[in-house]
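A.B. asks: Generate coordinates for the sequence data below:
(2 chains)
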Amino acid sequence: MFPLSPHFRQGLKDGIPSVAGMIPFALIVGTASTAAGLDPWLALAMSLLVYAGASQLAAIGLIAQSAPMLIVVTTVLVVNLRFVMYSAALAPYFRRFSTHKKWLFAFLITDHLFALVTTKFKADDPAKNISDYYAAVSMMTWVVWNSMVAIGIFAGTLVPKNYSLDFAIPLVFLALVFPALTSRAHWMTAMVAAIAAFFTASLPMKLGLIVAALTGVIVGAVMDARQQRLKQR
Amino acid sequence: MTLANDGMTILTILAASVVTVLARASFIMLPADTKVPTWLTRALKFVAAAVLPALILPDVLFRELPPGEIVNIARVIAATIAAIVAWRTRSIFATLGAGMVTLWCLKWLSV
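C.D. replies: Residues are numbered from 1 along each chain as shown, chains lettered A, B, ... in the order given. Sure, this is the predicted structure:
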């Protein structure tokens, strides 16, 4: 039985620090979802199915302001685009697995899991049983994350509306933005996006969000491309 | 206050989970020799830096706007203090605490 394999147990052991580290974030995501006005069961369903904290927060804020579906889904996709890079990095590890297992393992990818697997294992190392290891860490992460979000959702229903807990959503994003500003191009990206967001805020259907984000990404990418060309010269 | 438990929200959640699964599955399910295009790698480097400010700004300036005001000044002050804390500590908890406590104090003083 695979739950008893040493790789499965090693996975559980290695996963504990990062799983413990995400508990506060999961509680915040849960609390903010009901505090922002989302139905508790829908908030839980989103956590179980989307399973990506930052995008859940973004979606909750937009749904609470009755943004149209297309804007919410596009925002979630943009926030989660980083998973495409993780998918590319993890693909060699999963190559020999069945299609079912690939889909399941892909669904369970998180930032921590990606970091853990790519630092602990070399791709295509048949000596290591990555399947049991990954199954252990990913399933533990999914169960703990959603349990903690559920507790947060329940807590959020107890907080009176006039505490403005929906303000927690931009505050969390504020905490996440500074670590992302690692170069001058990144700072420029953020400033252009902020200015664009200011001037497009009155656009209908929260369309300004997409326009501002896109403008920022284009500025960053162009700066990055120019820098690389200068280096190659 | 709870939003309507309506079909549109359910549909939105389902669609959001489908696009997220597709992002996660992308290169795992594609043929082995598929390469990540350069433009995608380049754009992805700047997604967080662009999306987060675009999400933050309208929420801080224009949510729960007091009648007759152009911006929500209490939220702007609270977010400014939270931004300084975020920049200095890089801690979600400290940022959240600083921002919420400032907002509650300002509301209590009815700024």
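A.B. asks: now the helices for the chain?
C.D. replies: As the question left the chain open, I've gone with chain A. Per DSSP state H, chain A carries helices over the ranges A:6-35, A:40-50, A:53-64, A:69-79, A:82-94, A:99-107, A:111-120, A:130-158, A:168-180, A:184-200, A:207-232.
A.B. asks: switch to chain B, that's the one I care about
C.D. replies: Using DSSP H, helices in chain B cover B:7-29, B:38-45, B:47-62, B:73-89, B:92-108.
A.B. asks: And chain A, what are its domain boundaries?
C.D. replies: Following automatic domain parsing, one finds the domains of chain A at A:2-163, A:181-232.
A.B. asks: Between the ones you listed, which one is closest to chain B.
C.D. replies: Counting by CB to the nearest CB, chain B lies closest to domain A:181-232 out of those; the figure is 2.8 Å. Glycine gets a C-beta too; all of them are placed from N, C-alpha and C.
A.B. asks: Name the residues of the lowest-mean-pLDDT helix or strand in chain B that are buried.
C.D. replies: None of the helices or strands of chain B scores lower by mean pLDDT, DSSP states H and E than helix B:38-45, at a mean of 90. By 16 or more other CB atoms under 10 Å in any protein chain shown, the buried positions in helix B:38-45 come out as B:42, B:43, B:44, B:45.
A.B. asks: next one: stretch B:23-30
C.D. replies: Under the neighbour-count criterion of 16+ other CB under 10 Å, stretch B:23-30 has B:23, B:24, B:25, B:26, B:27, B:28, B:29 buried.
A.B. asks: Kindly report the same for stretch A:153-167.
C.D. replies: For stretch A:153-167, burial by neighbour count (16+ other CB under 10 Å) applies to A:153, A:155, A:156, A:164, A:165, A:166, A:167.
A.B. asks: try stretch A:31-43
C.D. replies: Within stretch A:31-43, the residues that count as buried by 16+ other CB under 10 Å are A:31, A:32, A:33, A:34, A:35, A:36, A:37, A:38, A:39, A:40, A:42, A:43.
A.B. asks: Other residues contacting it?
C.D. replies: A:30, A:46-47, A:56-57, A:60-61, A:63-64, A:149, A:152-157, A:159, A:161, A:163, A:165-166, A:168-169, A:172, B:1-3, B:5, B:9-10, B:13 (CB atoms under 8 Å, 6 or more residues apart in numbering or on different chains).
A.B. asks: Alpha carbons of it, as CSV, please.
C.D. replies: Extracted C-alpha coordinates of stretch A:31-43, given in CSV (Å, rounded to 0.1, in the frame of the first residue of the first chain):
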residue,chain,number,x,y,z
THR,A,31,-12.4,35.2,6.8
ALA,A,32,-12.1,37.8,4.1
SER,A,33,-14.4,35.8,1.8
THR,A,34,-17.4,35.9,4.0
ALA,A,35,-16.6,39.3,5.4
ALA,A,36,-16.7,40.7,1.9
GLY,A,37,-20.2,39.2,1.5
LEU,A,38,-19.8,35.9,-0.3
ASP,A,39,-22.1,33.1,0.6
PRO,A,40,-20.1,30.7,2.9
TRP,A,41,-20.8,27.6,0.9
LEU,A,42,-19.8,29.3,-2.4
ALA,A,43,-16.6,30.5,-0.7
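A.B. asks: what's the spacing between it and its chain's center?
C.D. replies: Put simply, stretch A:31-43 sits 18 Å off its chain's centre (CA atoms, centre = their mean, to the nearest Å).
A.B. asks: picking up where we left off before, which one of the domains of chain A lies nearest to residue B:96?
C.D. replies: domain A:2-163 (6.8 Å; CB to CB).
A.B. asks: Give me the average confidence score over the closest one.
C.D. replies: The pLDDT scores in domain A:2-163 average 90.
A.B. asks: how many neighbours does residue A:30 have?
C.D. replies: When counting by other CB atoms under 10 Å in any protein chain shown, one arrives at 28 neighbours for residue A:30.
A.B. asks: Skipping adjacent residues, who's closest to it in space?
C.D. replies: Nearest non-adjacent residue to residue A:30, counting by CB to CB, 6 or more residues apart in numbering or on different chains: residue A:152, 2.1 Å away.
A.B. asks: who's in contact with that neighbour?
C.D. replies: With CB under 8 Å, 6+ apart, residue A:152 has these contacts: A:26, A:27, A:28, A:29, A:30, A:31, A:32, A:33.
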